[in-house]
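>>> No sequence on hand, only this structure:
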């Protein structure tokens with residue numbers, strides 16, 4: 001079992017920044033591909049970004065490329081999502097996720113989910 005707890009969400013104005021954190025516990029953190037997803041009301045859950053166990057492979061959704069940065073600290077069992085130049089369309093609940101297989105994360109089917117943290121961007 002892996003437990004994931006997100007933090008760092010909040011209300012920010014357009015153009016502002018937030019950094020989300022996800023703390024993992026329960027298993028060897030570096031065994032897992034980590035991902036950030038988001039879901040806005042009335043919309044499907046969207047994969048925002050993934051990062052491999054050592055940070056060597058990183059992916060972003062086109063909608064966030066150049067604005068969001070994913071990173072991880074395996075010594076602290078943490079994964080981050082730095083979000084800059086935020087837009088109202090970034091408003092959503094953001095979820096951290098983990099799986100040992102990248103394909104499961106990419107297919108929106110990771111084995112472990114956090115409870116989510118709300119990000120609201122005002123115009």
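Happy to help now that I have it. Values in this document were obtained by computation on a predicted structure and should not be read as measured data.

>>> contacts, neighbours, all on C-alpha from now
Fine.

>>> mind listing the strands for the protein?
Secondary structure of the chain (DSSP state E): strands at 3-7, 10-13, 18-25, 33-39, 46-51, 58-60, 68-73, 78-83, 92-99, 112-113, 117-122.

>>> In TSV: the ones you listed, plus mean pLDDT and mean neighbour count.
Shown next, in TSV, are these (pLDDT from 0 to 100; neighbours: other CA atoms under 10 Å):
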stretch	mean pLDDT	mean neighbour count
strand 3-7	97	20
strand 10-13	98	15
strand 18-25	97	20
strand 33-39	98	25
strand 46-51	98	23
strand 58-60	97	17
strand 68-73	98	19
strand 78-83	98	20
strand 92-99	98	25
strand 112-113	98	18
strand 117-122	98	20
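
>>> Generate JSON lines for the ones you listed, with distance to residue 105 as supplementary columns.
Shown next, in JSON lines, are the strands of the chain (distance: least, CA to CA, whole Å):
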{"stretch": "strand 3-7", "distance to residue 105": "15"}
{"stretch": "strand 10-13", "distance to residue 105": "25"}
{"stretch": "strand 18-25", "distance to residue 105": "16"}
{"stretch": "strand 33-39", "distance to residue 105": "7"}
{"stretch": "strand 46-51", "distance to residue 105": "8"}
{"stretch": "strand 58-60", "distance to residue 105": "11"}
{"stretch": "strand 68-73", "distance to residue 105": "15"}
{"stretch": "strand 78-83", "distance to residue 105": "15"}
{"stretch": "strand 92-99", "distance to residue 105": "7"}
{"stretch": "strand 112-113", "distance to residue 105": "10"}
{"stretch": "strand 117-122", "distance to residue 105": "19"}
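
>>> List the contacts of the closest residue in space to residue 113 that isn't next to it in sequence.
Nearest residue to residue 113, sequence neighbours excluded (CA to CA, 6 or more residues apart in numbering): residue 97, at 4.5 Å. Listed by CA atoms under 8 Å, 6 or more residues apart in numbering, the contact set of residue 97 reads 4, 34, 35, 36, 37, 105, 110, 111, 112, 113, 114.
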